[in-house]
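**Student:** Sequence plus predicted model, see below.
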Amino acid sequence: MPNIRFHKFVLGVNALVPLAILFWDAFRNQLGTNPIEYFLRATGVLTLTFLLLTLTITPIRKLLNFNAAIKYRRMLGLFAFFYACLHLTTYVVFDRGLNLADVVKDTFKRPFILVGMSSFLLLVPLAITSTNNMVKRLGGKNWSRLHKLTYICAIGGVIHFYMMVKSDITYPVLFGIVLTGLLGYRVMNRKG
Amino acid sequence: MLIKKADDIKSSEITDEKTYLNRRNFLRAGGLIGSVLATAGVYRFFNPRPSPEIATGDITNVIKPEGKFTSADDLPNSFEQITNYNNYYEFSTDKQAVASRARNFVTRPWTIEIGGLVQKPKVFDIEDLLKFEQEERTYRFRCVEGWSMVIPWVGFPLKKILDAVVPTGNATHVAFETFYDGVVSETPGVKLPTEKQQMPNALFAGIDFPYVEGLRLDEALHPLTILATGLYGKIIPNQNGAPIRLVVPWKYGFKSIKSIVKITLTDKEPPTTWNIAAPDEYGFYSNVNPEVSHPRWSQATERRIGELLPRKSLLFNGYSDEVGKLYEGMDLKKNF
């Protein structure tokens, strides 16, 4: 048990490393010429990264016979939510100047924001129901059915990224390939 | 045969509990620090710190005209900002990487060929163009991506050079072309020989090269339309479109084509690169218009580089008084 606690601690510290570097760079004015855009992009990519990491837990458990991996999944998921919150806050405050009516208008005007916003809204119930207590209250079956929404969030997130890129689609496609692999694994497993 | 019995482990060799725990803590600390360093390394690899690159000579014959082309709240962006945040897809799609990737772009000798529907087609040498009277023109610059700057360009009206070649009566449009000597590879991602290349090219940008742009003839002859040869009194750096580029301040930045080698007068609307790539997103006119939104960027507001909060975008980028009459009677939503 103390080992798992320590591993969680290591994982948590590592998950915060990008944020620490981001703030350090921001503090030294090293986020480049358009720091807000840099911060938005970085937190967005971090959200997707953690979403995909969350989805790698199941394949890791089965393929490597490493069942204990499940113990780290909630933490990864919550970090995805954490970075998504930062991403959204940056957009609302610095891109829209905290004008909420404008946020709503903008969301419906620009399809890629609508996709991103929907994926975020779907993440909220998942974060809320992440506690042990909630798992018990919902019952394991319902809980895991609800948390299948993670797939939708990840797909939405990758589409959101793909839609916002102007012409160089390398990164969104990379995320897409990894996600396809992760979801494909689940489909295959089901049939097999 | 005598089998020797293994010695008992001497008690002195048994690690005592304290040392064992110390060792365990030591390993843990090592693991923690090692993993943090690895994570930081991975993060840094994918998010490199942008590095500033500058150094060009001065332009000596610059005059400052009477007129003013910006308002009181338009403070010029710094040379560093202007030269380290560039859209120049031939080099990189990463705005902060263009400066270093364009460093080896050879821009001398350089000529611009002007032809098509003109009476006196001519090939201009860049050195001759630099002998034209050079004016400082501080303009607002608005990118279609929703950011903007204020840039003190140095250059001369495009009209000067067009007048010199005398467009024929049936010329209605002007087409421009950027230098490009990349071999178009069939397989994306395959490195091409760069030894003899004047322009080290991006491997994949998602758009066709050479980059082409166009204007209506009256837009091209408008006094605000200039060919820029410098900024901040210095010879224009490679990443900003050396040695000569177009600046049309009331249109989105991508209309202001860089590193021009060819200008052709025609009698029809010429093809333009971004319009070819995505016709529903980028129109031929591409005038700055807060009312016409782009699928990815609301054009109602913009972020002025260096400012934290967005500011309102202006019709024709604030140059309505000067250029509004060019578009009288036109539906700007249709002709976006």
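**Tutor:** Cool, the structure landed. It should be emphasised that the depicted structure is a prediction, and the values quoted were computed from it without experimental measurement.
**Student:** Looking at chain A, which residue is nearest chain B?
**Tutor:** For chain A, the residue closest to chain B is A:Ser167, as judged by C-beta to the nearest C-beta, at 3.1 Å. The way it works is simple: take the backbone N, C-alpha and C, and place the C-beta from them, glycine included.
**Student:** for the chain, what helix or strand is lowest in average pLDDT?
**Tutor:** Assuming you mean chain A. helix A:100-109 (a mean of 90; mean pLDDT, DSSP states H and E).
**Student:** should've been chain B
**Tutor:** That would be, for chain B by mean pLDDT, DSSP H and E, strand B:62-63 at a mean of 84.
**Student:** Residue 98: how many residues sit nearby?
**Tutor:** By default, I'm working from chain A. 12 (other C-beta atoms under 10 Å in any protein chain shown).
**Student:** um, chain B though
**Tutor:** 26.
**Student:** quick one: contacts for the residue lying closest to it once chain neighbours are set aside?
**Tutor:** Leaving aside its sequence neighbours, B:Val98 sits nearest to B:Asn86 (C-beta to C-beta, 6 or more residues apart in numbering or on different chains; 4.2 Å). Contacts for B:Asn86 (C-beta atoms under 8 Å, 6 or more residues apart in numbering or on different chains) come out as B:Lys95, B:Val98, B:Ala99, B:Ala102, B:Gln239, B:Asn240.
**Student:** Are we agreed that the fifth one is in a helix?
**Tutor:** Yes: assigned with DSSP: H, G, I helix; E, B strand; the rest coil, B:Gln239 falls within a helix.
**Student:** what's the least confident helix or strand of chain B in contact with?
**Tutor:** B:Glu133, B:Gln134, B:Glu135, B:Glu136, B:Val154, B:Gly230, B:Gly233.
**Student:** Can you select the buried ones among the residues you listed for me in ChimeraX?
**Tutor:** The buried subset of the contacts of strand B:62-63, as determined by 16 or more other C-beta atoms under 10 Å in any protein chain shown, is captured in ChimeraX by this line:
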select /B:134,135,136,154,230
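**Student:** I'd like the contacts of strand B:62-63 written out as CSV, with pLDDT added.
**Tutor:** Converted to CSV, the contacts of strand B:62-63 look like this (pLDDT from 0 to 100):
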residue, pLDDT
B:Glu133, 91
B:Gln134, 93
B:Glu135, 94
B:Glu136, 94
B:Val154, 96
B:Gly230, 95
B:Gly233, 91
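**Student:** out of the contacts of strand B:62-63, which are inside strands?
**Tutor:** B:Gln134, B:Glu135, B:Glu136, B:Val154, B:Gly230 (DSSP state E).
**Student:** Any chance of TSV for the residues you listed, columns distance to A:Ala26?
**Tutor:** Shown next, in TSV, are those (distance: C-beta to C-beta, whole Å):
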residue	distance to A:Ala26
B:Gln134	39
B:Glu135	38
B:Glu136	34
B:Val154	33
B:Gly230	32
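**Student:** Okay, helices next: where are they in the chain?
**Tutor:** Picked chain A for this. Assigned by DSSP state H, the helices in chain A fall at A:2-27, A:35-63, A:73-90, A:100-109, A:111-128, A:132-138, A:140-146, A:149-164, A:170-191.
**Student:** look at chain B instead
**Tutor:** B:17-46, B:79-83, B:98-101, B:126-131, B:158-165, B:217-221, B:273-277, B:320-323.
**Student:** residue contacts, residue 57?
**Tutor:** Since you didn't name a chain, this refers to chain A. A:Ala69, A:Ile70, A:Tyr72, A:Arg73, A:Leu76.
**Student:** you looked at the wrong chain, it should be chain B
**Tutor:** So B:Gly57 contacts B:Lys234, B:Ile235 (C-beta under 8 Å, 6+ apart).
**Student:** Could you list the contact residues of chain B toward chain A?
**Tutor:** By C-beta under 8 Å from any C-beta of the partner chain, the residues of chain B that approach chain A are B:28, B:31-32, B:35-36, B:39-40, B:43-44, B:46-47, B:49-50, B:80-81, B:84-85, B:89, B:93, B:95-96, B:145, B:147, B:204-207, B:277, B:293, B:295-298, B:301, B:303, B:305, B:308-310.
**Student:** In ChimeraX, how would I select the buried members of those residues?
**Tutor:** Buried subset of the residues of chain B next to chain A, written as a ChimeraX selection, criterion 16+ other C-beta under 10 Å:
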select /B:36,39,43,47,50,81,84,85,89,93,95,96,145,147,204,205,207,293,296,297,298,301,303,305,310
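**Student:** Pick the one among the contacts of A:Ile57 closest to B:Leu246.
**Tutor:** For the contacts of A:Ile57, the residue nearest B:Leu246 by C-beta to C-beta is A:Leu76; the value is 49.4 Å.
**Student:** how far away is the closest one from A:Leu46?
**Tutor:** 12 Å (C-beta to C-beta, to the nearest Å).
**Student:** Comparing the two, which shows the higher neighbour count?
**Tutor:** Neighbours were counted for A:Leu76 and for A:Leu46 using other C-beta under 10 Å; A:Leu46 has more, 23 against 20.
**Student:** That one is in contact with A:Phe81, isn't it?
**Tutor:** No: the criterion here is C-beta atoms under 8 Å, and A:Leu46 misses it with A:Phe81 at 11.3 Å.
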